[in-house]
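# Provide a 3D model corresponding to the input given below.
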Amino acid sequence: MAMPPTPDADALAIERFLDALWAEHGLARPTLDSYRRDLQGFARWRAGRHGGLPAADRAALFDYLAWRTHEGYSPRSNARLLSALRAFFAQAVRRGERGDDPTALLDPPKLPRSLPKALTETQIEALLAAPQVDTPEGLRDRAMLELMYAAGLRVSELVNLPATALNLRQGVLRVTGKGGKERLVPLGEEAQHWLERYLAQARPQLAAGRARAPLFLVASATAPSRQQFWVLVKRYGAMAGIEPGKISPHGLRHSFATHLLNHGADLRALQMLLGHSSLSTTQIYTLVAREQLKQLHARHHPRG
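Residues are numbered from 1 along each chain as shown. The predicted model follows:
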């Protein structure tokens, strides 16, 4: 009789899958970590059953998804899990380790359509003006906020920028996005102005005489973390009078996209600026812009 699989066997199968996924598609570390957590969760739930994770059938996957739903996991979380399982078993079929894909007939849960939260242009102006620029830290924060909004960066892209990514003479920024894909993003005059001030007046003090690769530095002369930037955004949002639930670091990226569309930007050009691989991802911002125009009409039109 075959022995039940060991937890080590499941862990080995998961790591081999993730290594191949990274090699084939160059997925970012947070995405790989997310896949790992989801697959480990299923492996723990299935622990001791014949064949372990690699031998799971459609009934086992269905039972696990049903259990998660009963336990209160969100549709979005279950959809992410199913995505990880699809990738795992598709790879097993390609390797010849399985003759079937147990996820083939499983439908993803229906997700509620959520629109990105974008700030108004007035709120953005108040947020950008919140830092006290007479200190190195305040000048750095102003430059970070200006660049985040001017270039529509993801938070991870902003905090991980090397100093060499910035070319003020040409007014462009080289950004390495998801999957290691690079894109060039033009900078506006305001962002360039504050970046020049930061580089000349603040960064040398924050570097404390040491050569440092990151563009933005905290007091320890290292790059800020995403959590540190989140704390900054919340603090300056409160100073600007913006309700806490209406502001987030990613909201600056949403605001960048929405405001460009409101001012007539082309959707394909916006896709390139945001670094989206699919135009359908960018199209969500047309709904945001349309909704803001409807609200504007309702507030100001005599028959709104």
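# Just to be sure, R174 is in a helix?
No. R174: not assigned to a helix; according to DSSP: H, G, I helix; E, B strand; the rest coil it is strand.
# ok, the nearest residue to it once chain neighbours are set aside - contacts?
Among residues not flanking R174 along the chain, A165 sits closest, at 4.6 Å (C-beta to C-beta, 6 or more residues apart in numbering). (Glycine included, C-beta is placed from N, CA and C.) By C-beta atoms under 8 Å, 6 or more residues apart in numbering, the contact set of A165 is 173-176, 215.
# Show the contacting residues for L21.
So L21 contacts 27, 32, 35, 87, 91 (C-beta under 8 Å, 6+ apart).
# quick one: the helices in the stretch 101-250 of the chain?
121-128, 136-151, 155-159, 189-197, 203-207, 226-239, 249-262 (DSSP state H, counting those that start in this stretch).
# Go through these and find the least confident stretch.
Per-segment mean pLDDT for those reaches its minimum on helix 249-262, at a mean of 83.
# So for H276, what pLDDT did the model give?
H276 is given a pLDDT of 72.
# Number the chain from 49, please
Understood, numbering begins at 49; the last thing we discussed is H324.
# any idea of the pLDDT on A337?
Taking A337 on its own, its pLDDT is 59.
# Same check on R202?
At R202, pLDDT is 87.
# That one - nearest residue in space that isn't next to it in sequence?
R301 (6.3 Å).
# Show me the protein divided up by domain.
55-142, 169-348 (automatic domain parsing).
# Of the ones you listed, which is nearest L153?
domain 55-142 (6.4 Å; C-beta to C-beta).
# model confidence over the closest one, on average?
Computed over domain 55-142, the average pLDDT equals 87.
# tell me the angle the helix or strand containing Q319 makes with strand 220-224.
Secondary structure from DSSP states H and E places Q319 in helix 315-322. Here helix 315-322 points in a direction 70 degrees away from that of strand 220-224 (axes from the mean of the first three to the mean of the last three C-alpha atoms, to 10 degrees).
# For stretch 101-108, which residues meet the burial criterion?
101-104, 108 (16 or more other C-beta atoms under 10 Å).
# Q276 against F264, yeah?
No. Q276 lies out of contact with F264 (C-beta atoms under 8 Å); the separation is 10.0 Å.
# hang on, the earlier thing: packing partners for the helix holding Q319?
Identification of packing neighbours for helix 315-322 by 3 or more C-beta pairs under 8 Å, 6 or more residues apart in numbering; DSSP states H and E yields strand 230-234, helix 297-310, helix 327-330.
# again, only using 10 Å
Other helices and strands packing on helix 315-322, by 3 or more C-beta pairs under 10 Å, 6 or more residues apart in numbering; DSSP states H and E, are strand 230-234, helix 297-310, helix 327-330, helix 332-348.
# Could I get the average pLDDT for the shortest one?
Pointing back at helix 327-330 there. 66.
# what's the spacing between the spatially most central residue of the chain and A76?
The centroid of the chain falls nearest to R202 when counting by C-alpha atoms, centre = their mean (5.9 Å). Separation of R202 from A76 (C-beta to C-beta, to the nearest Å) stands at 10 Å.
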